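*Asks:* Sequence unavailable; structure follows:
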Ligand SMILES: NC(=O)c1ccc[n+]([C@@H]2O[C@H](COP(=O)([O-])OP(=O)(O)OC[C@H]3O[C@@H](n4cnc5c(N)ncnc54)[C@H](O)[C@@H]3O)[C@@H](O)[C@H]2O)c1
Ligand SMILES: [Zn+2]
């Protein structure tokens, strides 16, 4: 079986790439195991691949950003204790990034850490969030305020789950896939450009290789920097503007799409700073980033004051100016901490002028 080994200071773990659902039979045979399954995934796949775990201990987990909190964690502690969970339990999560965050938090805290296996079912969770060791919960209005570092023991990628993902979430995940391929360099960028039609059509085989490549690129940025201090910061490409766009539009623009726009804005700044040629900027926008958006922004207001205010609140900001990660002509990433508010405002106006009215 195709796999990637991820080394972690907590424990090393493997990501397995599987082509049929038989792996679920093996998971069901693990002693003292309990499945926690995203309720939507359970509904969509119970007469399909999830038939393989019929009759096993299954908890259905309701999903929503508003449910990614300590109350959901407590409800799971109760359910697990009701089924007499001991230190030797193995929690098997099947779901997207929210299921990962809630159950990862539970797995890392119950008895100070129990066995945990993760089967991601969204493009974002398969291609990006499943590795990285982070679990996060929202607290009141603060997104991802608390969490732990705790990787699963094993991860299984089965791209057939993606067939039922809705367009909004799927294309949001595609934003992270595009980001990782750009960060991989020239060949990966060309590869995702060529693969896009098949990825958009959710071709299972093509997805398997694109997801695998995304994880390998992410791994190369994480290695030696598990706790998020140096090189790993480059993974924030597109997120400096992206997070700000999400909050300034009251989350009308979903995360992955905000990341794509964020990369487009960062590229416009990189051109002004002579780090990126305008031909490269145009190539990234027209051949990769815009095709991953599949929406138009005619109705969305890009209020630069609100966006810049949100950028100032970025929790990863350390310098006195605004922080920005950019890609350069040679595909090397660079991070600056001294972007001025006027430079950011100019990039937002240029984006709106150039792309805001395009039928993206
Ligand atoms: N821990 C990390 O490192 C990390 C990294 C990035 C993002 N995240 C978090 O991940 C969350 C977003 O995760 P996501 O994009 O994976 O989606 P999600 O978990 O928010 O799920 C989106 C919707 O899709 C449903 N769903 C999931 N899989 C499905 C499938 N195969 N078929 C049909 N419906 C399905 C869910 O029930 C939900 O309604 C955010 O809360 C974000 O903060 C965590
Ligand atoms: Zn992201």
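*Replies:* Sure, I can see it. What you are looking at is a predicted structure, and each value in this text was computed from that prediction instead of being measured. Numbers count the residues shown, from 1 in each chain. Ligands and ions are numbered 1, 2, ... in the order given.
*Asks:* Surely residue 337 forms part of a helix?
*Replies:* No: Residue 337 is assigned strand when assessed by DSSP: H, G, I helix; E, B strand; the rest coil, not a helix.
*Asks:* close enough to count as contact, it and residue 323?
*Replies:* Yes: if you go by CB atoms under 8 Å, residue 337 and residue 323 touch, sitting 5.2 Å apart. Any C-beta I mention is one placed from the backbone N, CA and C, and that applies to glycine too.
*Asks:* of these two, who's got more company?
*Replies:* residue 323 (19 against 12; other CB atoms under 10 Å).
*Asks:* Ramachandran angles for the more buried one?
*Replies:* phi -90, psi 140 (degrees, to the nearest 10).
*Asks:* measure the closest residue to ligand 1 within the stretch 251-360 of the chain to residue 124 for me?
*Replies:* Relative to ligand 1, the nearest point of the stretch 251-360 of the chain is residue 255 (6.7 Å; CB to the nearest ligand atom). To residue 124, residue 255 is 8 Å away according to CB to CB, to the nearest Å.
*Asks:* out of the two, which sits in the busier spot?
*Replies:* Set residue 255 next to residue 124 and count neighbours by other CB under 10 Å: residue 124 wins out with 23 against 19.
*Asks:* Which element, helix or strand, includes that one?
*Replies:* Using DSSP states H and E, residue 124 maps to helix 123-124.
*Asks:* Show me what that helix is packed against.
*Replies:* With contacts taken as 3 or more CB pairs under 8 Å, 6 or more residues apart in numbering; DSSP states H and E, helix 123-124 sits against helix 167-184.
*Asks:* quick check: mean pLDDT across the helix it packs on?
*Replies:* Averaging pLDDT along helix 167-184 yields 95.
*Asks:* Does anything pack onto that helix? Which helices or strands?
*Replies:* With 3+ CB pairs under 8 Å, 6+ apart as the test, helix 167-184 has helix 123-124, helix 186-200, helix 204-222, helix 255-272, helix 290-293 packed against it.
*Asks:* Look up the closest residue to residue 355, ignoring the ones flanking it.
*Replies:* residue 264 (6.5 Å; CB to CB, 6 or more residues apart in numbering).
*Asks:* So which bits of the protein are right by ligand 1?
*Replies:* Within the chain, the positions near ligand 1 by CB under 6 Å from any ligand atom are 38, 40-41, 44, 63, 65, 68, 95-101, 121-122, 124-125, 129, 132, 134-136, 144, 161-162, 164-165, 169, 172-173.
*Asks:* where among the helices and strands packed on helix 167-184 is the average confidence lowest?
*Replies:* Across the helices and strands packed on helix 167-184, the lowest-scoring stretch is helix 290-293, with a mean of 90.
*Asks:* any idea how far residue 218 is from residue 76?
*Replies:* On the measure of CB to CB, residue 218 and residue 76 end up 27 Å apart.
*Asks:* So for the two, which sits in the more crowded spot?
*Replies:* Applying other CB under 10 Å to residue 218 and residue 76 shows that residue 218 carries more neighbours, namely 24 against 21.
*Asks:* pretty sure that one is touching residue 128, no?
*Replies:* Yes: with contact defined as CB under 8 Å, residue 218 reaches residue 128; the gap is 6.4 Å.
*Asks:* Quantify the burial of the residue in the chain that ligand 1 sits nearest to by counting its neighbouring residues.
*Replies:* Closest contact between the chain and ligand 1, by CB to the nearest ligand atom, is at residue 97 (2.1 Å). Close neighbours of residue 97, defined as other CB under 10 Å, add up to 25.
*Asks:* How about the secondary structure of the residue of the chain most remote from its centre?
*Replies:* What lies farthest from the middle of the chain is residue 84; by CA atoms, centre = their mean that is 33.0 Å. Assigned with three-state DSSP, residue 84 falls in the coil class.
*Asks:* if we can go back for a sec, tell me who's in contact with the closest residue to the residue of the stretch 251-360 of the chain closest to ligand 1 other than its chain neighbours.
*Replies:* Closest residue in space to residue 255, ignoring its immediate chain neighbours: residue 172 at 5.5 Å, by CB to CB, 6+ apart. Residues in contact with residue 172 (CB atoms under 8 Å, 6 or more residues apart in numbering) are 124, 254-257.
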